[in-house]
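# okay, sequence plus prediction incoming.
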Number of protein chains: 4
Amino acid sequence: MGIEFEDDELRVLVEFFHAQHNPAINEFLGFTMDSPDLDNASLKFEMRDELIGNYIYRTLHGGVISAILDITGGHVVFLKQFKRARGQPIEKIMKKATRIGTIDIRIDYLLPGTGNNFSTSGYVLRIGNKVAVTRMELHNDRQELIAVGTGSYTVG
Amino acid sequence: MGIEFEDDELRVLVEFFHAQHNPAINEFLGFTMDSPDLDNASLKFEMRDELIGNYIYRTLHGGVISAILDITGGHVVFLKQFKRARGQPIEKIMKKATRIGTIDIRIDYLLPGTGNNFSTSGYVLRIGNKVAVTRMELHNDRQELIAVGTGSYTVG
Amino acid sequence: MGIEFEDDELRVLVEFFHAQHNPAINEFLGFTMDSPDLDNASLKFEMRDELIGNYIYRTLHGGVISAILDITGGHVVFLKQFKRARGQPIEKIMKKATRIGTIDIRIDYLLPGTGNNFSTSGYVLRIGNKVAVTRMELHNDRQELIAVGTGSYTVG
Amino acid sequence: MGIEFEDDELRVLVEFFHAQHNPAINEFLGFTMDSPDLDNASLKFEMRDELIGNYIYRTLHGGVISAILDITGGHVVFLKQFKRARGQPIEKIMKKATRIGTIDIRIDYLLPGTGNNFSTSGYVLRIGNKVAVTRMELHNDRQELIAVGTGSYTVG
């Protein structure tokens, strides 16, 4: 049962983590999660008219890019925290998850966000008792690096 | 005619500047602009269910905050550029406006975004031939400082 | 005695706070502090050959600018923390002071750092139980804004 | 002669690029450069008393860290620009080199900077006609990641 029970627990926690947040915005962004490996987070989403910033060039809106990279960073902090807390009572892990919040974030817009499909990746540079620091990246379906981010997050 | 013609010209340009961008996202965010004084930009918006990040605390979504502060920064760069270019042919000013783009942005989330009404303010720290740098702030209706930002923008 | 005793206590604490740090670097930078008002920090320093980055233009080295703005931010966090903790045992305040550390910092270089005398100012945007956020500015003796910074700091 | 002449040219240019800057600060920091591969920059330096920020823990001063990461970023922008401009007259490449300047930088301090030897690495995320964006990292001799940075630089 080992790994599978852990996966169930993780699934419950991931759902709990994201259920705190507004489904309207997640639906607007329209992302799905890759099966997580606890050290990396990846979100995938498709281009839709609603996500366009510039109609002439059909590029992603900057606000969409910063939102999705912020969510990716928070998500990988949650996964890393779960990895460290595994075995502790689920209520305790849940409580820790509610304490994850963005302190600050930097986004660098490298290329216009053209493409049909996009994926983010995020990893934790450091996680301490108070603060976690992450790096995030956004690629399109031609493997072009559209944007990168760095974020600091509170951890419980 | 002086100031009024200039205002008309400015109104056309502001509409042109924002018409480049996706009305769906501007409508989603639901902001209106204060009458600009060319040195300061201010956007106003109301809390709506769609903008909530955390349902329990009814706080603004971080992605909404970063998007609206980025738009505020781009908007004040446009106003400053217009102020400098005033008197030049409108086509030339329009062309310059299309070249404004975010290079990078930092957002600091200071307080949970509670409130019924929000307003942003933005001003230009420096504008050169290639790059402009801005600072932005977001307050709620209790005059609490919810978030601040700093952005670098390309200028044409 | 009121205010004067507090000033003595503050003087001891400021000296303690900076004595943790390397006097060699503080001497290299050569700054002095304005008498603090607990809500604002200000450092002053003079141009010297050692601080020059570009010899042709005689401008401050970028590393000097980022170091002095980081120190200004840490200093105002210390002052604010002292203001909040005033009346508590001095050992407790000292212990808190040792926990102040930079999490991350952004520096925007706005103008070449020309001038004979420079001054920084810093203020706290928010201070919580874990994290403080500050803004800092560097002016030359012509009141030109040379650089600005934003920093996040751990607090004990 | 091909590659060797190019190396000589590069050596002249690297020396020219750094000779613009203050040798006093470079000597204070005491770094040396790895032989560059044009896509990556690496600087190496040893711990010395003068570079210490906190005497109790014998850790690098934050200002030293931000200065060395900023220099690393500017250096890799120069290398990348040289790679693109190779074959053009050396005067033209020199002129471009003088135009490289930091627009803004973010530094994340991840771990106390303990160790005897340190090395930085830097790479270019994007280089355009106006702006280059880089990421930088600082490791100690135990391969611990002490700090990371992201910088935007003007290019000629």
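Good, I have the coordinates. Numbers count the residues shown, from 1 in each chain, chains lettered A, B, ... in the order given.
# and for A:Leu79, the neighbour number?
24 (other CB atoms under 10 Å in any protein chain shown). C-betas here are computed from N, CA, C, even on glycine.
# and the one 10 residues further on, by the same measure?
Each residue near A:Pro89 was counted by other CB under 10 Å, and the total is 9.
# just say helix, strand or coil for A:Ser121.
strand (DSSP: H, G, I helix; E, B strand; the rest coil).
# ok, now which ones touch it?
Counting by CB atoms under 8 Å, 6 or more residues apart in numbering or on different chains, A:Ser121 touches A:Asn40, A:Ala41, A:Ser42, A:Thr72, A:Met136, A:Glu137, A:His139.
# can you pull the contacts of the closest residue to A:Arg48 other than its chain neighbours?
Counting by CB to CB, 6 or more residues apart in numbering or on different chains, A:Gly30 is the residue found nearest to A:Arg48 once chain neighbours are left out, at 6.4 Å. Under the criterion of CB under 8 Å, 6+ apart, the contact list for A:Gly30 reads A:Phe45, A:Glu46, A:Arg48, A:Leu51.
# pull out the buried residues from those.
Among the contacts of A:Gly30, those classed as buried by 16 or more other CB atoms under 10 Å in any protein chain shown are A:Phe45, A:Leu51.
# number of nearby residues for A:Asp34?
By other CB under 10 Å, neighbour count at A:Asp34 equals 13.
# repeat for the one 10 residues further on
Counted with other CB under 10 Å, residues neighbouring A:Lys44 total 13.
# how about A:Asn26?
A:Asn26, neighbours per other CB under 10 Å, totals 18.
# relative to chain B, how far out is the closest residue to chain C within chain A?
Here chain A gets closest to chain C at one residue, A:Lys130, 4.8 Å apart by CB to the nearest CB. Computed as CB to the nearest CB, to the nearest Å, the A:Lys130 to chain B distance reads 15 Å.
# contacting residues around that residue?
Contacts of A:Lys130 (CB under 8 Å, 6+ apart): A:Thr154, A:Val155, C:Lys130, C:Val131, C:Thr154.
# let's see it at 6 Å
The neighbours of A:Lys130, taking CB atoms under 6 Å, 6 or more residues apart in numbering or on different chains as the test, are C:Lys130.
# same question, the one 3 residues further on
A:Val133 makes contact with A:Leu125, A:Arg126, A:Ser152, D:Asp108 under the criterion CB under 6 Å, 6+ apart.
# can you verify it is assigned to a strand?
Yes: under three-state DSSP, A:Val133 falls within a strand.
# for chain A, what's the longest helix?
helix A:62-85 (DSSP state H).
# show me what the helix or strand following that helix is packed against.
With elements assigned by DSSP states H and E, the helix or strand that comes after helix A:62-85 is helix A:90-98. Applying 3 or more CB pairs under 6 Å, 6 or more residues apart in numbering or on different chains; DSSP states H and E, we find helix A:90-98 packed against helix A:62-85.
# and the angle for the helix it packs on with helix A:90-98?
Here helix A:62-85 runs at an angle of 150 degrees relative to helix A:90-98 (axes from the mean of the first three to the mean of the last three CA atoms, to 10 degrees).
# for helix A:62-85, buried residues please.
Within helix A:62-85, the residues scored as buried using 16+ other CB under 10 Å are A:62-82, A:85.
# and the contacts of that helix?
A:13, A:17, A:29, A:36, A:38, A:41, A:43, A:51, A:53, A:93, A:96-97, A:100, A:102, A:105, A:107, A:120, A:122, A:124, A:127, A:132, A:134, A:136, A:147, A:149, A:151, A:153, B:62-63, B:66-67, B:70, B:102.
# how about the residues of chain A near chain D?
A:Arg106, A:Asp108, A:Leu110, A:Leu125, A:Arg126, A:Val133, A:Thr150 (CB under 6 Å from any CB of the partner chain).
# 7 Å instead?
A:Arg106, A:Asp108, A:Leu110, A:Leu111, A:Leu125, A:Arg126, A:Val133, A:Leu145, A:Val148, A:Thr150 (CB under 7 Å from any CB of the partner chain).
# tell me the secondary structure for the fourth one?
Secondary structure state of A:Leu111, per three-state DSSP, is coil.
# pLDDT score assigned to it?
Confidence at A:Leu111, expressed as pLDDT, is 97.
# how many neighbours does the residue nearest to A:Glu46 when sequence neighbours are not counted have?
Distances taken as CB to CB, 6+ apart put A:Asn117 closest to A:Glu46, at 5.5 Å, once the chain neighbours are dropped. A:Asn117 sits with 12 neighbouring residues when counted by other CB under 10 Å.
# and A:Asn117, how far from C:Gly30?
Distance, A:Asn117 to C:Gly30, by CB to CB, to the nearest Å: 55 Å.
# do the same with A:Glu137
41 Å.
# same question for A:Glu144.
A:Glu144 is 47 Å from C:Gly30, by CB to CB.
# what does A:Asn140 give?
Distance from A:Asn140 to C:Gly30, by CB to CB: 49 Å.
# give me the pLDDT for the most centrally placed residue in chain A.
With distances taken as CA atoms, centre = their mean, A:Thr72 lies nearest the centre of chain A, 1.5 Å away. Model confidence at A:Thr72, given as pLDDT, is 95.
# right, and A:Asn117 touches A:His139 too?
No: in this structure, A:Asn117 is not within contact of A:His139 by CB atoms under 7 Å, at 9.5 Å.
# SS state for the residue with the largest distance to the centre of chain A?
Distance from the C-alpha centroid of chain A, by CA atoms, centre = their mean, peaks at A:Ile56 (28.6 Å). Following three-state DSSP, we place A:Ile56 in the coil state.
# buried ones in stretch A:97-106?
A:Ala97, A:Ile100, A:Gly101, A:Thr102, A:Ile103, A:Asp104, A:Ile105, A:Arg106.
# which element, helix or strand, includes the last one?
So that's A:Arg106. strand A:101-109.
# that strand near chain B at all?
Yes: Strand A:101-109 reaches chain B (CB under 7 Å from any CB) through A:Thr102, A:Ile103, A:Asp104, A:Ile105, A:Arg106, A:Ile107, A:Asp108, A:Tyr109.
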